[in-house]
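Student: what follows is a protein structure lacking sequence information:
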């Protein structure tokens with residue numbers, strides 16, 4: 001499985017692996033306004049220390065004191081640019097949740113430097129769209145319909161989500177969720193947003209597909225309708 005984003009391997013946890021947590025650094029005690037304090041590093045049980053590899057961060061799968069799985073994301077260093085990127089990520093995920101496009105929450109850890117994110121088990125779009133059955137068969141009809149609903153839900157709200165990479169979408173058994181993205185822009189009309197999704201997804205997603213699947217992808221995109229409810 002190719003990894004294109006920081007947390008694009010939600011479905012690849014290795015069972016039975018035991019990893020000792022790294023020594024915890026002294027927490028700063030800072031909390032971000034409007035957020036409850038996240039668990040301390042000493043309270044996090046590391047399930048998979050090297051869960052994913054990002055360009056500028058290290059990502060681990062951890063278990064909170066409440067036994068819930070979550071993602072712990074640390075910047076590669078303390079540079080200002082990484083902290084700015086983390087702040088933008090927290091805000092993007094807040095907007096995506098408000099739009100109904102994701103249930104992932106990204107919040108600051110109590111150390112004031114790393115993030116804790118909601119863990120979503122499921123299957124990534126990159127592992128579906130390369131199959132002819134996904135686009136044409138009945139087996140994945142529900143997933144195909146749910147994908148259409150996600151895109152049109154965003155478009156109806158005039159929201160264009162940049163960098164909607166197939167490794168940034170995960171199907172949780174009921175719906176597709178955006179687990180990471182680029183910038184989010186609001187355009188003039190729902191029609192303009194839908195047109196942009198058609199153009200960009202056709203260009204970007206076709207690069208991951210066998211040429212024989214370009215036509216089914218375009219047929220799917222052409223049939224997207226703004227009459228679908230979110």
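Tutor: Received, thanks. Since this is a predicted model, take the numbers as computed values, not measurements.
Student: from residue 137, how far off is the residue positioned nearest the centre of the chain?
Tutor: Nearest to the geometric centre of the chain sits residue 179, at 1.3 Å (C-alpha atoms, centre = their mean). Noted for residue 179: a distance of 25 Å to residue 137, by C-beta to C-beta, to the nearest Å. For the C-beta atoms, the positions are set from N, CA and C on the backbone; glycine is no exception.
Student: burial of residue 222, as a residue count?
Tutor: Neighbours of residue 222 under the rule other C-beta atoms under 10 Å: 10.
Student: what's the closest non-adjacent residue to it?
Tutor: Of all residues not flanking residue 222 in the chain, residue 198 sits nearest, at 7.2 Å (C-beta to C-beta, 6 or more residues apart in numbering).
Student: and the one you found, what is it in contact with?
Tutor: Listed by C-beta atoms under 8 Å, 6 or more residues apart in numbering, the contact set of residue 198 reads 221-222, 224.
Student: wait, isn't the residue nearest to the centre of the chain in contact with residue 104?
Tutor: Yes. Taking C-beta atoms under 8 Å as the definition, residue 179 is a contact partner of residue 104 at 5.4 Å.
Student: what comes up buried for the longest strand anywhere in the chain?
Tutor: Across the chain, the strand with the greatest residue count (assigned by DSSP state E) is strand 45-53. Residues of strand 45-53 classed as buried under the neighbour-count rule (16 or more other C-beta atoms under 10 Å) are 46-49, 51-52.
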